[in-house]
Structure formats: structure tokens, C-alpha cells
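A.B. asks: Below are the sequence and a predicted model; questions follow.
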Amino acid sequence: MTNIDWAALRSAAHEAATFAYVPYSKFRVGAAGLTSDGRIVTGCNVENASYGLTLCAECGMISELARTGGGRLVAVCTVGNGAPVTPCGRCRQLLWEHGGPDMLIEVEGAPRRMSEMIPHAFPEASNFTQPNK
Ligand code: THU
């Protein structure tokens, strides 16, 4: 898939952010991912009183990816309180597992490859498991 509608992804991320549960940080994050079969999956952050158990928006998005049939992520966009957000380290590892080195991620308005965002990632190989369908 070569044509990525970044505007549509951004808009899906903004919409997802409206569902965020953020009583502690008040930072509403939404993530949207395009799958290799053309779906758009989204997620929002869900905080917790124990702070450290907070689920990032990307976690919710990966969950939705699995729930809606799995497959590979091709491109991801994350926004927070209306502006672009670069996914945290843990989420980059999560994204790596489902997108691999060539997945694109919007960083400060420009697409970058995952191999650039998490160099020398664990595991190095990109022949990850496919959906269990
Ligand atoms: N957050 C995300 O949802 N995704 C990221 O990539 C970075 C941080 C959330 C976690 C927490 O609810 C809030 O942003 C403030 O850190």
C-alpha cells in the first residue's frame, strides 16, 4: 500500500482522543493506525489512580487491531490535546511488533520509518507472527 491518507488518520486520532479518560494528566491522546488491509484502528489513553498502570492511546489501538482481526500496521498517527505526539518508548516497542521496520509513524508532521524511531529494536527480525485467523 503506497497511498496513505494522513489527513484521515489524523482526524481519526483526534476523534479517538475525545474518548480519553484522563482525570490526572488532562492530556487527551488519540492514536490511529492504518492496517495493511485498509482498516483504520484507533485508541485513546485510559489513566489509572495508580498512575503507572495508565494505558497509552497506542495500547488501546493495538488492542483494537487484534480484536478486529489483526494484520499489520502500515502507518500510525498520534495526537495529544490537539497537537502531534511522538509515541513513548514502550509504545514504540508495541508498534514495532505489529508494524515492523517499514511502518510509518508521523513525527512532528512528517512520516518516519519505525526503524528510525526504534533502532536496533528487539527482536531484530521482522518476520513477526501473523493473526491467529
Ligand atoms: N500518552 C499516550 O497515550 N501515548 C503516548 O505515546 C505518550 C503518553 C499518555 C499517557 C498519559 O495518560 C498521558 O499521555 C500523559 O503522559
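C.D. replies: That came in fine, so what should we check first?

A.B. asks: show me what contacts the residue nearest to residue 28 when sequence neighbours are not counted?
C.D. replies: Counting by C-beta to C-beta, 6 or more residues apart in numbering, residue 28 lies nearest to residue 20, which is 4.0 Å off, once chain neighbours are set aside. (Glycine included, C-beta is placed from N, CA and C.) Each residue near residue 20 by C-beta atoms under 8 Å, 6 or more residues apart in numbering is listed here: 27, 28, 29, 30, 44, 45, 46, 57.

A.B. asks: Quick check: phi and psi on the residue most central in space within the chain?
C.D. replies: Nearest residue to the geometric centre of the chain (C-alpha atoms, centre = their mean): residue 58, 4.1 Å. When read as degrees, to the nearest 10, the backbone of residue 58 gives phi -70, psi -30.

A.B. asks: what do you get for residue 98?
C.D. replies: phi -110, psi 0.

A.B. asks: you'd agree it is up against residue 73?
C.D. replies: Yes: with contact defined as C-beta atoms under 8 Å, residue 98 counts as touching residue 73 (4.9 Å).

A.B. asks: in stretch 33-48, what's buried?
C.D. replies: Buried residues in stretch 33-48, counting neighbours by 16 or more other C-beta atoms under 10 Å, are found at 33, 34, 35, 40, 41, 42, 43, 44, 45, 46, 47.

A.B. asks: who in this protein is up against the ligand?
C.D. replies: 22, 25, 27, 29, 45, 47, 54, 56-58, 78, 85, 87-88, 91 (C-beta under 6 Å from any ligand atom).

A.B. asks: So among those residues, which ones count as buried?
C.D. replies: 22, 29, 45, 47, 54, 56, 57, 58, 78, 85, 87, 91.

A.B. asks: these two touch, right, the second one and residue 45?
C.D. replies: Yes: checked against C-beta under 8 Å, the pair residue 29 and residue 45 is within contact range at 4.3 Å.

A.B. asks: who touches both of these two?
C.D. replies: 20, 22, 56, 57.
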